[in-house]
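Student: Quick one: sequence plus predicted model below, questions after.
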Amino acid sequence: FVIEADEYDTAFFDKRSKFVHYRPRTAVLNNLEFDHADIFDDLAAIERQFHHLLRTVPPSGRVIANGLEESIARVLHRGLWSELRTFGAADSDYTAEGEPQDFAVLRRGEVVAHVRWSLSGTHNQLNALAALAAAEHLGVEPAVAAEALAGFAHVRRRLEVRGTVALPGGAVTVYDDFAHHPTAIRTTIDGLRRRLDHEGRPDERILAIFEPRSNTMKLGTMKAQMPWALEGAALAFCHAGGLDWDAAAALAPLGERARVAPDIDTLVAQVAAAVRPGDHLLCMSNGAFGDVHGRLLATLRPQ
């Protein structure tokens, strides 16, 4: 079975990361950056836990690592006792050529498969390479695995379309996405932007609507990264209710492109006032977000 490697602590009496108990035969190290500021002091503390995970993989196992991540390179440098396969970087074992929706898969420079699927974004392309490498460890050839990916149904809350509203001049689309970390927010916006550009719709705007809801975000640990995370959006709307830090000040580098609301009602009103036909409303939170998706759809539909 496949399980997410959760680095959060196991229990109040066991502060080790959950994944040290998994004993995987195949382990994918996809990305590693600072998060969970309520548990970890810094990135080095998380890297130490990932090193402990590597120590649980048997010599007959395989570690599949993202060759683009410096933090993962540091973890591997601490010691590795299993077979290693890398993906993503130019000199990796597995690389991709083409757009994230339609690309060739190369294994050490040789084309071994072609993936055509409905997902977009470089992060999903990297996910595909990692999945192909993991499947190969189980005896599934990349070409066969790529055929399976072609029928992969997108998971919920990952650029999930919650509805569209037909307006004169073009439809408005409302999405739900679980992105809550600055890197995830930037990656999600970039993935949607690349898909729209690839489909010949470069003039359609992305409106980023988000709430800093995770423990790390509520602490303000990542607030300096938010303008960077949101720079790909035409406009950014932040639900700042319950924050102990000044969201408006943190988003000031975005200038007039950023709006801050103290509650969901104000947020919905701000977005509704700014919407144009053809816009894409990208709602991002790791919670229910006050059903902002449904409220936006109800507000925008002609009465």
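Tutor: Structure received.

Student: If you average the pLDDT over stretch 72-80, what comes out?
Tutor: Average pLDDT, stretch 72-80: 94.

Student: Please read the previous query as pertaining to stretch 188-203.
Tutor: Mean predicted confidence for stretch 188-203 is 89.

Student: cool, stretch 32-51 as well?
Tutor: 77.

Student: can you check stretch 110-130 too?
Tutor: 91.

Student: again with stretch 265-285
Tutor: 95.

Student: do the same with stretch 93-106
Tutor: Rounded mean pLDDT across stretch 93-106 is 94.

Student: Run through who's touching it.
Tutor: Outside stretch 93-106, the residues that touch it by C-beta atoms under 8 Å, 6 or more residues apart in numbering are 85-89, 107-109, 111-122, 124-125, 128-130, 132-133, 142, 146, 191, 194-195, 198. C-beta here means a position set from N, CA and C on the backbone, and glycine is covered the same way.

Student: In helices, which of the residues you listed fall?
Tutor: Cross-referencing these against helices under DSSP state H gives 122, 124-125, 128-130, 132-133, 142, 146, 191, 194-195, 198.

Student: In CSV: the residues you listed, plus neighbour count and distance to R257.
Tutor: Below are these laid out as CSV (neighbours: other C-beta atoms under 10 Å; distance: C-beta to C-beta, whole Å):
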residue, neighbour count, distance to R257
T122, 16, 23
N124, 21, 26
Q125, 23, 28
A128, 24, 32
L129, 30, 34
A130, 21, 34
L132, 28, 38
A133, 24, 39
P142, 22, 42
A146, 22, 39
G191, 24, 20
R194, 17, 20
R195, 19, 21
H198, 14, 24
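
Student: and which of these is nearest to V172?
Tutor: Using C-beta to C-beta, R195 comes nearest to V172 of these, at 16.5 Å.

Student: and the residue lying closest to that closest one once chain neighbours are set aside, what does it touch?
Tutor: Among residues not flanking R195 along the chain, S120 sits closest, at 3.8 Å (C-beta to C-beta, 6 or more residues apart in numbering). The contact partners of S120, by C-beta under 8 Å, 6+ apart, come to 100-101, 159, 191-192, 194-195, 198.

Student: Can you pick out the most distant pair from those residues?
Tutor: L159 and H198 (14.1 Å).

Student: center of the protein, which residue is that?
Tutor: In the chain, the residue lying closest to the centroid (C-alpha atoms, centre = their mean) is A184, at 3.9 Å.

Student: Buried residues, whichever helix or strand it is part of. List them.
Tutor: In this assignment (DSSP states H and E), A184 forms part of helix 182-198. For helix 182-198, the buried set under the neighbour-count rule, 16 or more other C-beta atoms under 10 Å, comprises 182-196.
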